[in-house]
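Visitor: Okay, sequence plus prediction incoming.
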Amino acid sequence: MATNIYGLSEITCPGVSQEDHEERGTGSHVWEDHFFPEIVDPVTKEPMPEGEYGVLCFTTLTKEATPLLRYWTNDITNLNYDRGSKRTHIKMGAIRGRADDMLIIRGVNLFPSQIESVINELHEFSPHYQLLVSREHTMDAVDVHVELNETMNPEVKDNFAREK
């Protein structure tokens with residue numbers, strides 16, 4: 001049975017955290033006896049409370065040749081203790097995006113992957129899209145350009161084209 005395994009070559013390749021095969025889809029347990037994980041605010045770099053989303057950082061605890069302190073992964077996720085789990089290690093949620101991909105639009109953190117997940121649910125559109133960020137005075141705006149699905153009914157496609 002396949003499970004998710006998270007790792008970074010800078011830390012120790014695969015093996016930083018792993019999903020339990022009986023709890024698939026609920027997150028991966030970080031091996032806290034070897035790594036100290038933190039979620040930090042991408043702007044202030046301050047630690048975030050349990051369950052909040054931010055940038056995942058690691059401090060290695062047992063690595064001797066090249067120890068790392070607060071290694072910034074750029075991965076956006078969260079950490080929480082799953083009290084109902086049979087394991088006691090902290091759980092890392094699914095990766096939501098990358099800190100270097102994050103846009104801040106009118107004070108809201110926006111990841112392209114969030115827009116992509118909505119587009120993928122709409123059968124009228126192909127999975128190809130473009131985000132155009134603009135600023136008028138002090139207000140940011142995002143225009144989302146998507147391609148219509150080629151298998152769409154030609155009449156519906158014409159209606160979309162007219163409503164541009």
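Guide: Received, thanks. Fair warning: this is a prediction, and the values are worked out from it, not measured in the lab.
Visitor: For stretch 63-73, which outside residues touch it?
Guide: Contact partners of stretch 63-73, identified using CB atoms under 8 Å, 6 or more residues apart in numbering, comprise 8, 10-12, 34, 38, 40, 55-60, 99. Every C-beta, even on glycine, is put in place using the N, C-alpha and C of the backbone.
Visitor: Excluding sequence neighbours, find me the nearest residue to the residue nearest in space to the middle of the chain.
Guide: The central residue of the chain, meaning the one whose C-alpha is nearest the mean C-alpha position (CA atoms, centre = their mean), is Arg96 at 1.5 Å. If the residues on either side of it in the chain are set aside, Arg96 comes closest to Ile76, at 4.6 Å by CB to CB, 6 or more residues apart in numbering.
Visitor: in the host helix or strand of His128, what's buried?
Guide: Using DSSP states H and E, the secondary-structure element containing His128 is strand 125-136. Of the residues in strand 125-136, 125-126, 129 count as buried by neighbour count, 16 or more other CB atoms under 10 Å.
Visitor: Could you do stretch 66-79 as well?
Guide: Buried positions in stretch 66-79, judged by neighbour count with 16+ other CB under 10 Å: 68, 71, 73, 75-79.
Visitor: next one: stretch 103-111
Guide: In stretch 103-111, counting by 16+ other CB under 10 Å, buried: 103, 109-111.
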